[in-house]
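[1] My questions concern the predicted model and sequence given below.
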Amino acid sequence: MTIKTPILELKHVGYYYERQRGLFSKDRFWALQDVSFALFRGESLGIIGRNGAGKSTLLRLLAGISKPDKGTLVNHGCTTSLLSLQAGFVPHLSGRDNAMISGLTLGISKNTIKEKMEAIREFSGLEEFFEEPVHSYSSGMKARLGFSVAFQLDPDILLVDEILGVGDELFKRKSSTAMKEKIRSHKTVVLVTHAAGTIRELCDRAVWIEQGESRAEGPAKAVMNEYEAFIKIRTKK
Amino acid sequence: MDAGHRPRELVWMLFFQLQNLVQYGKKYTPVDPVEAGTPAAFPPRPVRLVCKNKMEGAVNPTGMSAGTRNRGWFQSWNRLNHYLDLVFFRAWGDLRAEAHRYYLSYIWWVLGPVLEMTVYYLVFGLGLRAVRTEHFMVFLLIGIIIWRWFDATVSHCTNAVRGGRSLMQQVDLPKIVFPLIVICTDTFKFLIAFSLIVMYINIYGLLASSAYLILPVVLTIQLMFIMAVGILFSCITPFLPDFAVFVNYPIRIMFFMSGIFYDIDKIPEQYRFLFVYNPMARLIHTYRSILLHGQFPDIELLLTIASLSFLGVLAAGALLFRLDKVIPRALAR
């Protein structure tokens, strides 16, 4: 095995939100305080943490939406994208138009979307509804269209926030199978979840975030064991 | 890169040059996207984002950001074209979506301005005959239509970035996309109304002259002026939502000071200075001299407005780029 170099590194990263406390006073809430980990090429990294641990904030930093307020985040020239469903949907337009708009918003090129349009239509299973305005869709249909578009996204590093399967039972199975295949492939994936089982099943390595701090980083199984032991102690108290 | 995109690129090139200068204090050097994308060249120069600890009260130097920005938007023309595709497709989509909301759908694009002009015709053309200006009806309609373009676009821009708050938490978009979409939709609607008024003027009897040739230039200058003001305002509302309400009052004052109902040439000399520094008053006056009198406008004046607007667009654009990572935090509240 060769020595791998990380393609993304976080060292003592912190990020705060500002809360308004009256007309001129603000105070800072540090959503992330001290997060450090590295991401290697081709691996799938799981990030686990309880609600409010700072997982979504961390994803925003990784996606480049915000930049850290302290610490360093080194990106060795990779494109990162957050897999977000239904980004930029316009309800009064058809499924086809929304596939285009949502795809462009996510950063997929116009030509790629045009090429993949039939595949998107096929995968979503919307059939003739694909040409109908999205406001006539059920929420499940919207989710199916959103997933089919977002699934075409192909950045160097794919960031996934809990989304494995959406829609009804049949589509959920289909989409989560496709997603899992993508994660297991040689793609670099960061998967954020609070389900230890998912990370055990899908990820090579894992990071555990607790109250804005990274508690553990290492092989998925070891980190999960530590996390579950922690949860057990907390529930006993 | 196909030659069709050249003019677009030039404009964006200038934007990004300035953005780079402001943000990183260095000159922009394009990176070959092919080279950057191939695994062979991987990893390209590591980009370090170093921020001193703010908790200890240190100053945060502007560092490079994480994510797509490193290699992405500003270093490959593909990215630029991508965001222009997004702006145009989204603008066209919004226009169609708006039309589909109504029974008469696309007809409203024409019917809307016609009805509006009819209202002014009924009130001023048939009702109030007090004002004695030559061709008062067309004189007024030109003023109204031109003003409406500025007013509608700027007020939509003011809320544009703020309106994209949920989207920008999911996708790392350059924030300038939001005002540009609005500018495109409003400009499209204006151009329909403007063509109608030009047709009306010709039917009315004031025939087209060679001065019409300069109309595209004047329109472009006004577009730049609108962009400068609109993009600047769109930077403010994410931090100060009250600005969207407040700004209506200065704009209303500007409306009455732009000579829409009267000719600024007829203002007494001692008050003329109130209008000299109002670009909208000067632009409306210019349109009228072209459309009503077939006169070529004052080139020196146009150049002044054009260059100031251009600098304004660059400055406002640079400001918005600089705030790119600050705005999502401000809107996350």
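    Structure's in. What do you need?

[2] Can you check the pLDDT for A:P155?
    A:P155 is assigned 85 on the pLDDT scale.

[3] The closest residue to it other than its chain neighbours sits in which helix or strand?
    Distances taken as C-beta to C-beta, 6 or more residues apart in numbering or on different chains put A:S81 closest to A:P155, at 4.0 Å, once the chain neighbours are dropped. All C-beta spots, glycine's among them, are computed from the backbone N, C-alpha and C. In this assignment (DSSP states H and E), A:S81 forms part of strand A:80-82.

[4] Which secondary structure elements does that strand sit against?
    Helices and strands touching strand A:80-82, by 3 or more C-beta pairs under 8 Å, 6 or more residues apart in numbering or on different chains; DSSP states H and E, are helix A:55-62, strand A:157-161.

[5] quick one: average confidence on the next helix or strand after the shortest one?
    By that I understand strand A:157-161. Note on strand A:157-161: by DSSP H and E, the next helix or strand toward the C-terminus is helix A:169-184. Helix A:169-184 carries an average pLDDT of 84.

[6] Can you give the distance from the strand or helix carrying A:E228 to the centre of its chain?
    A:E228 is part of helix A:220-236 when elements are defined by DSSP H and E. Distance of helix A:220-236 from the chain centroid (C-alpha atoms, centre = their mean, to the nearest Å) equals 23 Å.

[7] Tell me which of the helices and strands packed on strand A:80-82 sits most buried.
    Highest mean neighbour count of these: helix A:55-62, a mean of 24 (counted as mean count of other C-beta atoms under 10 Å in any protein chain shown).

[8] Now do the contacts for B:P297.
    B:A211, B:I214, B:V218, B:T286, B:S289, B:I290 (C-beta atoms under 8 Å, 6 or more residues apart in numbering or on different chains).

[9] Adding secondary structure, distance to B:H100 and pLDDT, write these out as JSON lines.
    Formatted as JSON lines, the contacts of B:P297 follow (DSSP: H, G, I helix; E, B strand; the rest coil; distance: C-beta to C-beta, whole Å; pLDDT from 0 to 100):
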{"residue": "B:A211", "secondary structure": "helix", "distance to B:H100": "39", "pLDDT": "82"}
{"residue": "B:I214", "secondary structure": "helix", "distance to B:H100": "37", "pLDDT": "90"}
{"residue": "B:V218", "secondary structure": "helix", "distance to B:H100": "33", "pLDDT": "94"}
{"residue": "B:T286", "secondary structure": "helix", "distance to B:H100": "37", "pLDDT": "91"}
{"residue": "B:S289", "secondary structure": "helix", "distance to B:H100": "40", "pLDDT": "90"}
{"residue": "B:I290", "secondary structure": "helix", "distance to B:H100": "36", "pLDDT": "91"}
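
[10] Mind checking which of those residues are buried?
    Neighbour-count burial (16 or more other C-beta atoms under 10 Å in any protein chain shown) applied to the contacts of B:P297 gives B:V218, B:T286, B:S289, B:I290.

[11] I'd like the distance from the first one to B:V138, if you could.
    So that's B:V218. 17 Å (C-beta to C-beta, to the nearest Å).

[12] neighbours around the residue in chain A positioned nearest to chain B, how many?
    Chain A approaches chain B most closely through A:G64 (1.6 Å), counting by C-beta to the nearest C-beta. Counted by other C-beta atoms under 10 Å in any protein chain shown, the residues lying close to A:G64 total 24.

[13] can whatever helix or strand B:M199 lives in be found next to chain A?
    Using DSSP H and E, B:M199 sits in helix B:177-204. No: on the criterion C-beta under 8 Å from any C-beta of the partner chain, helix B:177-204 is out of touch with chain A, staying 8.9 Å away.

[14] Which other helices and strands does that helix contact?
    By 3+ C-beta pairs under 8 Å, 6+ apart, helix B:177-204 packs against helix B:77-100, helix B:107-120, helix B:136-163, helix B:215-236.

[15] What's the separation between the residue in the stretch 201-333 of chain B positioned nearest to chain A and B:W92?
    With C-beta to the nearest C-beta, the shortest gap between the stretch 201-333 of chain B and chain A falls at B:K325, namely 4.7 Å. Between B:K325 and B:W92 the distance is 29 Å, computed by C-beta to C-beta.

[16] quick one, which of those two is more surrounded?
    Neighbours per residue, other C-beta under 10 Å: of B:K325 and B:W92, the larger number sits with B:K325, 23 against 17.

[17] Flag every buried residue along whichever helix or strand A:L32 is part of.
    Under the criterion of DSSP H and E, A:L32 resides in strand A:26-40. Of the residues in strand A:26-40, A:W30, A:A31, A:L32, A:Q33, A:D34, A:V35, A:F37, A:A38, A:L39 count as buried by neighbour count, 16+ other C-beta under 10 Å.

[18] And the pLDDT for the second one?
    Put plainly, it is A:A31. Note for A:A31: predicted pLDDT of 88.

[19] who's in contact with the spatially closest residue to it that is not a sequence neighbour?
    Setting aside the residues directly before and after it, A:A31 is nearest to A:T57 in space (C-beta to C-beta, 6+ apart), at 4.3 Å. Contacts for A:T57 (C-beta under 8 Å, 6+ apart) come out as A:Y15, A:Y17, A:A31, A:L32, A:S66.

[20] what's the answer for B:M117, then?
    Going by C-beta under 8 Å, 6+ apart, B:M117 touches B:L141, B:I144, B:I145, B:A193, B:L196, B:I197, B:Y200.

[21] how close does it sit to A:E201?
    From B:M117 to A:E201 the distance is 65 Å (C-beta to C-beta).

[22] Kindly report the same for A:E132.
    Distance from A:E132 to A:E201, by C-beta to C-beta: 37 Å.

[23] Kindly report the same for A:F147.
    In terms of C-beta to C-beta, A:F147 sits 19 Å off from A:E201.

[24] Then A:G54?
    Taking C-beta to C-beta, one finds A:G54 at 24 Å from A:E201.

[25] who's more crowded, these two?
    Each of A:G54 and A:E201 has its neighbours counted (other C-beta under 10 Å); A:G54 has more, 24 against 13.

[26] before we move on, the earlier item: show the overlap between the contacts of B:P297 and what lies near chain A.
    Counting by C-beta under 8 Å from any C-beta, no member of these is near chain A.

[27] ok, and the closest non-adjacent residue to the residue nearest the centre of chain B?
    Geometric centre of chain B, nearest residue: B:M227, 2.5 Å, by C-alpha atoms, centre = their mean. Closest residue to B:M227 apart from its sequence neighbours, by C-beta to C-beta, 6+ apart: B:V313 at 4.9 Å.

[28] before we move on, which element is the one you found in?
    Here B:V313 is assigned to helix B:299-322, by DSSP H and E.

[29] wait, A:M141 sits on A:F130?
    No: here A:M141 lies out of contact with A:F130, judged by C-beta atoms under 8 Å, at a distance of 9.8 Å.

[30] Mutual contacts of these two, please.
    A:S124.

[31] Torsion angles phi and psi at A:E9?
    phi -130, psi 140 (degrees, to the nearest 10).

[32] who touches the residue lying closest to B:H156 once chain neighbours are set aside in this structure?
    Once flanking residues are discounted, B:H156 sits nearest to B:V182: 4.3 Å by C-beta to C-beta, 6+ apart. Shown in contact with B:V182 (C-beta under 8 Å, 6+ apart): B:A91, B:T153, B:H156, B:C157, B:A160, B:G230.

[33] Perfect, I'm done here.
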